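Undergrad: I need the structure of the sequence given here:
(one chain, ligands or ions: 2)
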Amino acid sequence: MAYQICINPDCGCCYDIDQVLHSCNVCGELLDVGYEWDSLSVPDSLSHFGCYRFSSSGGVRCFSGVWRYYDLLPFLPLDKLVSVGEGRTILQNAIHISSFVGINSGRFFLQYEGLNPSGSFKDNGMAAAFTHGAFVGARQAACASTGNTSASLAIYAAVTRLMEAVVFVGSGKIAYGKLSQALDYGAKTIQIQGDFDDALMRVRQVAKEVGIYLVNSVNPFRLEGQKTIMFRVLDDLGWRVPDWIVVPGGNLGNAAAFGKAFIELSKLGLIDKVPRIAIINASGANTLHQLYGDGENGDRETGNLRWNGGRYDKIMVKNFYDKMTLESRKANTIASAIEINRPANLSKALRTLEFCNGVVREVTDQEILDAKAVIGAGGFGCEPASAASVAGARKLVAEGVIDKEQLTVCILTGHQLKDPNVTVAYHGTDQKFFDDTLGKFNITSAQFANKPITTTNDQNEILKLL
Ligand SMILES: *Cc1c(COP(=O)(O)O)cnc(C)c1O
Ligand SMILES: [Zn+2]
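TA: Ligands and ions are numbered 1, 2, ... in the order given. Next up is the predicted model:
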């Protein structure tokens, strides 16, 4: 049996599984999906999941890399599960990138979530949220999005026809690869004036008022699907637990989901070690880093916000956001997928940081794009936000926080082709295009650029270049 439960230990209110909520009705905190594990059949070893090899004819547990681990997210009956073939992603041994990061070859891996049907990890969560929305009988599903959530929602609506997709995007930066997906898959696309934070606030209001099912990561079911990214990492490591998981932090849904995955695996006795987690902000959207600080105990320059068993300093958060509003401070980074100043899953991310002995860092847009180019040259393309994980890992190795022998996994959250303008601007020869596309993010150099060579259409000239 499954239920929903408020994560505030002083509240702990429970709600039925078929209720549609984005926060606790009593205290306003986020909700978790909870399970009565004793009454469920949980395998006694993780190697059990090996029996669900990928195939299109073996049922949904073999078709989907999310539902493969159904026993660890059994919030609805098996026959209700929705899938478009998400989560068939792989852990890559990234030998040509490890030296850039500073980790010994063979100890550095990339979890390549860009290989999902819509090209980002969001499909893991969407499978679960869409399953729940269809179960409660919703006819429309909506999200606010920096692009990838809308692309994901749109694909589930187009393939299954169980709910209609309505996506809210900001008027500013949305990468064309992502916008084109929402349009191509037929989602009703509403572009509002404002940024992601504005769009999320608006869609939460609208969804509540007219009963549209909300699939943003404040939806606790979405995060159940995203737990499986960690299950697949462990699975591909032969159920070894790595030393470090490094993930970009935007709305902090992954950070929240990963922590919950490890809390539950530990509780069920299925792992005997918990990895450390590093959450990497972009400098232009660094709310978590500012609030959490750098060191074990925070530092004086930045904050010292801790989960503190669920009794975290809400006044400190409120003051921070009030100041941000007062100063009209807006998030600003080339990594549009993490260009978020008010991360909806902040409290759950704090819980993860406590359970996984985590650290938080920020990286500049320049560091992000340099890392992205190295990832690409290693054969694994990604979009800018994803590269924050690799840039962050590199920083933590340089600081001596990650040791070069430690088994480290960076999450590549989204596909290279999501944001081709940035890639071409970085590598290209056209200074104006570079300045126009990257200059406003203070990106001044492209030391890993693979510049195209221009020449006349002449055989001898071309031969000289080879
Ligand atoms: C959504 C998204 C993120 C941010 O993930 P959160 O779980 O919201 O922190 C990072 N990278 C990509 C490519 C994304 O689409
Ligand atoms: Zn509550």
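
Undergrad: All the strands of the stretch 151-300 of the chain, residue numbers only.
TA: Assigned by DSSP state E, counting those that start in this stretch, the strands in the stretch 151-300 of the chain fall at 164-169, 188-191, 213-214, 244-248, 276-282.

Undergrad: Show the pLDDT at the residue nearest to Val424 when sequence neighbours are not counted.
TA: Nearest non-adjacent residue to Val424, counting by CB to CB, 6 or more residues apart in numbering: Phe433, 7.5 Å away. Quick note: C-beta positions are derived from backbone N, CA and C, even for glycine. Confidence at Phe433, expressed as pLDDT, is 91.

Undergrad: try Ser145
TA: 86.

Undergrad: Quickly list what it is bridged to.
TA: Judged by DSSP bridges, the bridge partners of Ser145 are Val169.

Undergrad: Can you name the residues that contact it?
TA: Neighbouring residues of Ser145 by CB atoms under 8 Å, 6 or more residues apart in numbering: Ala151, Leu153, Val167, Phe168, Val169, Ile174, Lys178, Ala182, Phe196, Ala199.

Undergrad: Please tell me how far the nearest residue to the third one once chain neighbours are set aside sits from Thr325.
TA: Once flanking residues are discounted, Val167 sits nearest to Ser150: 3.6 Å by CB to CB, 6+ apart. When distances are taken as CB to CB, to the nearest Å, Ser150 and Thr325 turn out to be 26 Å apart.

Undergrad: Tell me which of the two has more neighbours.
TA: Ser150 (30 against 11; other CB atoms under 10 Å).

Undergrad: so what's the residue positioned nearest the centre of the chain up against?
TA: The chain has Asn254 as the residue nearest its centroid, 4.6 Å off, counting by CA atoms, centre = their mean. Neighbouring residues of Asn254 by CB under 8 Å, 6+ apart: Phe121, Gln226, Ile229, Val247, Pro248, Ile411, Thr413.

Undergrad: which of those residues lies closest to ligand 2?
TA: Gln226 (22.1 Å; CB to the ion).

Undergrad: between the strands of the stretch 151-300 of the chain, which one is nearest to ligand 2?
TA: Smallest distance to ligand 2 across the strands of the stretch 151-300 of the chain (CB to the ion): 18.4 Å, for strand 213-214.

Undergrad: Paired strands for the closest one, with orientation please.
TA: Pairing partners of strand 213-214, with direction, according to DSSP bridges: strand 140-145 (parallel).

Undergrad: Kindly export the strand it pairs with (C-alpha atoms) in CSV.
TA: The C-alpha trace of strand 140-145 is given here as CSV (Å, rounded to 0.1, in the frame of the first residue of the first chain):
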residue,chain,number,x,y,z
GLN,A,140,-5.3,17.8,-19.1
ALA,A,141,-1.8,17.9,-17.7
ALA,A,142,0.3,21.0,-17.5
CYS,A,143,3.8,22.2,-16.6
ALA,A,144,5.9,25.2,-16.4
SER,A,145,9.2,24.5,-18.1
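
Undergrad: so, in contact with ligand 1 or not, that strand?
TA: No - Strand 140-145 lies apart from ligand 1 when judged by CB under 6 Å from any ligand atom; the minimum separation is 8.3 Å.

Undergrad: just the angle between that strand and strand 164-169, please?
TA: 20 degrees (axes from the mean of the first three to the mean of the last three CA atoms, to 10 degrees).
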